[in-house]
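Colleague: Compute the structure for the input listed below.
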Amino acid sequence: MFPIMSVGPSGDLGPLTSGGTQSVAPPRGAPGWVVWCLIAVATLLAAGATLNAWVDRQALDTDEWVEVTDEMLADDDVRAALSTFLVAELFRTVDVRGGLEESLPGPASQLAGPLSAALRANAVGLADQLLGTSATADLWRTVNTTAHTAFVRIVRDDVGPALSTGDGAFVVDARALLVRVTEALGLPGNVADQVPADAGQIVVFDSDQLDVAQIVVAAVDRLSLVLFVVVVVLYAAAVGVAARRRIALRNVGWALVVAGAVLLVVRRVALRVATEQLADAESGRAAVRSIATIATTMLNDLAWAGVSLGAVIVLFAVATGPSNQAKAVRRWSAPVMVHPVGAWAVALGMLAAYLAVVPGFSVQRWVPAIVFAALFVVAVERLRRQVVSEQQGTAPPVEAEPAGNLE
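Modeller: Residues are numbered from 1 along each chain as shown. So this is what the prediction gives:
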C-alpha cells in the first residue's frame with residue numbers, strides 16, 4: 001500500500017506513518033560544506049572590497065581627501081607638527097639673521113642675531129596660531145585640492161601642476177603656507193622674498209614607488225565594481241543552493257558581522273604599528289597617530305557599516321523564523337503589516353533612520369544602491385506577506401532550526 005503524502009516543514013513531501021505521525025523528508029539542497037565555502041570566500045572578498053572601497057573613496061576622491069586634510073589641520077597635534085615643520089623649513093632655507101641685519105639701521109644691525117634666536121623660539125607658537133585661522137584654512141584647502149588633483153592624475157598616468165619631481169621624489173608644494181608664516185612673523189619683505197621656490201615641499205613618495213602606486217590605482221579602479229558584484233553573487237549563491245535558505249541567510253549576516261569586526265581590529269593594530277614605526281621621536285607620535293586615525297576614519301565607518309548590515313540580516317532571518325519570540329513579534333506587528341501602505345511607511349522610516357545613523361553607508365554608487373534597494377524591497381515584502389499569511393491561517397510551516405544550529 002502506498003503511504004499518504006503530506007507537505008513537510010521545508011516544502012518537501014513526506015509520508016505519514018501508520019500511526020499518523022508525519023515523516024518529513026529532508027530538505028533538498030547543497031551539502032552544508034558547500035554553502036559554508038561560498039560564504040567564506042564571499043566574506044574574504046567582502047573584506048577586500050571594503051579595503052578597496054576605502055582606497056577608492058579616501059585616497060582617490062579629491063573631495064573626500066580635502067575633507068580629511070581639513071580635519072587634520074583642525075587637530076592640535078597635527079597642527080603643532082606642521083608648524084614645527086614650516087618654521088624649520090623657514091630657518092633652513094632662508095638667512096633670517098642676514099635679512100634682519102640688512103633691514104636694521106646702523107648699530108641696531110648687531111641685534112639681528114639675538115632677534116633671530118628669539119623669533120625662532122616663539123615662531124612655532126605663532127605659526128600654530130596662524131594655521132588655526134580661517135584664512136590659512138582656506139589656503140590649506142586650496143593647496144590640498146590642487147595637489148591631490150594632480151596626484152590622482154600622476155598615479156593614473158597623467159600630469160599635474162602641484163606635483164613636481166625633485167631629486168627623484170614626488171613632492172607637494174606647500175611654499176604658499178611657508179610664505180604666509182614668514183609674513184605673519186613680521187619679518188621684513190627682503191626675508192620673505194628669499195624663500196626659495198622649492199621650500200616647504202612635502203615628499204609624498206619616492207619616484208621608484210610610482211610604478212607600484214600606478215598598478216595599485218589601476219587595480220582599485222578595475223575592482224571597485226567587480227568585487228562588489230562577485231560578493232553579492234557568491235552570497236546569493238550560498239543562500240540559493242542551501243537546503244535551509246533562512247539559516248544560510250542568517251549565517252551570511254553573521255559572516256558580515258565577523259568580517260567587519262576583524263577589520264576594526266586590524267585597523268586598531270595598524271594604528272599602533274604606524275605610530276611606532278613612522279614617528280622618529282616620541283614628540284612626533286601624537287601627530288602620526290592623529291594623522292593615521294583621521295586617514296582611516298572612513299575605513300572604520302565602512303567596517304561598522306558591514307557589522308550593522310550583517311546584524312540587520314541576522315535580525316531579519318530570526319524575525320522570519322519559527323521561534324516563539326519571532327512569532328510574537330509578527331503577531332505584534334500584524335495590525336500595521338497587513339496594510340501595505342502602513343507597512344511600507346514604517347519600513348521606509350526605519351530605512352531612513354538606518355542610513356542616518358550607520359556610518360560609512362553610502363548609496364552614491366548606483367550599482368550598490370540598486371542592489372541594496374532591491375534587497376530591501378524583497379525583504380520587506382517577504383516579511384509583510386508572511387505576516388498576512390499567518391493572520392489568514394494560510395502560511396506554510398516555517399522551517400525549523402537544524403540540529404546544532406550551524407548549517
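
Colleague: mind checking the SS state of residue 203?
Modeller: Secondary structure, DSSP: H, G, I helix; E, B strand; the rest coil: residue 203 is strand.

Colleague: Just list whatever residues bridge to it.
Modeller: Judged by DSSP bridges, the bridge partners of residue 203 are residue 171.

Colleague: From residue 53, how far out is it?
Modeller: 27 Å (C-beta to C-beta, to the nearest Å). (Glycine included, C-beta is placed from N, CA and C.)

Colleague: between these two, which one's more packed in?
Modeller: residue 53 (23 against 11; other C-beta atoms under 10 Å).

Colleague: which secondary structure element contains the more buried one?
Modeller: helix 32-54 (DSSP states H and E).

Colleague: got the buried residues for that helix?
Modeller: Counting neighbours by 16 or more other C-beta atoms under 10 Å, one finds that the buried residues in helix 32-54 are 32, 35-36, 38-39, 41-43, 45-47, 49-54.

Colleague: Also stretch 319-327?
Modeller: 319-321, 326.

Colleague: avg pLDDT for that stretch?
Modeller: Computed over stretch 319-327, the mean pLDDT rounds to 91.

Colleague: So what would you say the end-to-end distance of it is?
Modeller: By C-alpha to C-alpha, to the nearest Å, the extent of stretch 319-327 from end to end equals 8 Å.

Colleague: Report the distance from it to the chain centre.
Modeller: 34 Å (C-alpha atoms, centre = their mean, to the nearest Å).

Colleague: now do stretch 332-350
Modeller: Using C-alpha atoms, centre = their mean, the offset of stretch 332-350 from its chain centre is 32 Å.

Colleague: so for that stretch, what's the average pLDDT?
Modeller: On average, stretch 332-350 scores 91.

Colleague: which other residues reach it?
Modeller: Applying C-beta atoms under 8 Å, 6 or more residues apart in numbering, the contact partners of stretch 332-350 are 330, 376, 380, 383-384, 387-388, 390-391.

Colleague: Can you tell me which of those residues are buried?
Modeller: Buried, going by 16+ other C-beta under 10 Å: 330, 376, 380, 383-384, 387-388, 390, out of the contacts of stretch 332-350.

Colleague: now the contacts of stretch 332-350 as CSV including distance to residue 91 and secondary structure?
Modeller: Listed next are these as CSV, based on distance: C-beta to C-beta, whole Å; DSSP: H, G, I helix; E, B strand; the rest coil:
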residue, distance to residue 91, secondary structure
330, 73, helix
376, 60, helix
380, 65, helix
383, 68, helix
384, 71, helix
387, 74, helix
388, 77, helix
390, 78, helix
391, 80, helix
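
Colleague: Show me which pair in these is furthest apart.
Modeller: Distances among the contacts of stretch 332-350 were taken as C-beta to C-beta; the most separated pair is 376 and 391, at 22.9 Å.

Colleague: what's near enough to touch residue 257?
Modeller: So residue 257 contacts 306-307, 310-311, 314 (C-beta under 8 Å, 6+ apart).

Colleague: at 6 Å what do you get?
Modeller: Contacts for residue 257 (C-beta atoms under 6 Å, 6 or more residues apart in numbering) come out as 307, 310-311.

Colleague: Which of the helices or strands spans the nearest residue to it once chain neighbours are set aside?
Modeller: Sequence neighbours aside, residue 310 is the residue nearest to residue 257 in space, at 3.7 Å (criterion: C-beta to C-beta, 6 or more residues apart in numbering). Using DSSP H and E, residue 310 sits in helix 297-319.

Colleague: Relative to the whole chain's centre, how far out is that helix?
Modeller: Taking C-alpha atoms, centre = their mean, one finds helix 297-319 lying 13 Å from the centre of the chain it belongs to.

Colleague: Equivalent analysis for stretch 355-375, please.
Modeller: 13 Å.

Colleague: any chance you could map the strands in the protein?
Modeller: 5-7, 13-15, 163-166, 169-173, 201-206 (DSSP state E).

Colleague: which residues of the stretch 251-400 of the chain fall in helices?
Modeller: With DSSP state H, counting those that start in this stretch as the definition, the stretch 251-400 of the chain shows helices at residue ranges 282-295, 297-319, 324-337, 340-357, 366-392.

Colleague: Out of these, which is the most enclosed?
Modeller: Highest mean neighbour count among the helices of the stretch 251-400 of the chain (mean count of other C-beta atoms under 10 Å): helix 297-319, with a mean of 20.

Colleague: Identify the residues contacting it?
Modeller: For helix 297-319, contacts defined as C-beta under 6 Å, 6+ apart pick out 50, 54, 58, 246, 249-250, 253, 256-257, 259-260, 263-264, 267, 326, 329, 358-361, 379.

Colleague: hmm, which of those residues are the buried ones?
Modeller: Members of the contacts of helix 297-319 classed as buried by 16+ other C-beta under 10 Å are 50, 54, 58, 246, 249-250, 253, 256-257, 259-260, 263-264, 267, 326, 329, 358, 360-361, 379.

Colleague: picking that back up, mean pLDDT for the strands of the chain: which is lowest?
Modeller: Looking at these, the lowest mean pLDDT belongs to strand 5-7 (a mean of 35).

Colleague: Okay, domains of the protein per the record?
Modeller: Domain segmentation of the chain under automatic domain parsing yields 1-30, 35-54+223-405, 62-199.

Colleague: can you redo these as TSV with distance to residue 214?
Modeller: Output for those, formatted as TSV (distance: least, C-beta to C-beta, whole Å):
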stretch	distance to residue 214
domain 1-30	42
domain 35-54+223-405	15
domain 62-199	5
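
Colleague: To residue 215, which of those domains lies closest?
Modeller: Using C-beta to C-beta, the domains of the chain put domain 62-199 closest to residue 215, at 9.5 Å.

Colleague: And the closest one, end to end?
Modeller: Note: domain 62-199 ends 24 Å apart using C-alpha to C-alpha.

Colleague: That one: how far from the chain's middle?
Modeller: The answer for domain 62-199 is 31 Å, by C-alpha atoms, centre = their mean.

Colleague: and if you look at stretch 330-344?
Modeller: The answer for stretch 330-344 is 35 Å, by C-alpha atoms, centre = their mean.

Colleague: one step back: so what's the gap between the helix holding residue 53 and the chain middle?
Modeller: 17 Å.

Colleague: Which residues outside it are in contact with it?
Modeller: For helix 32-54, contacts defined as C-beta under 6 Å, 6+ apart pick out 220, 223, 227-228, 230-231, 234-235, 237-238, 242, 248, 251-252, 255, 259, 298-299, 302, 407.
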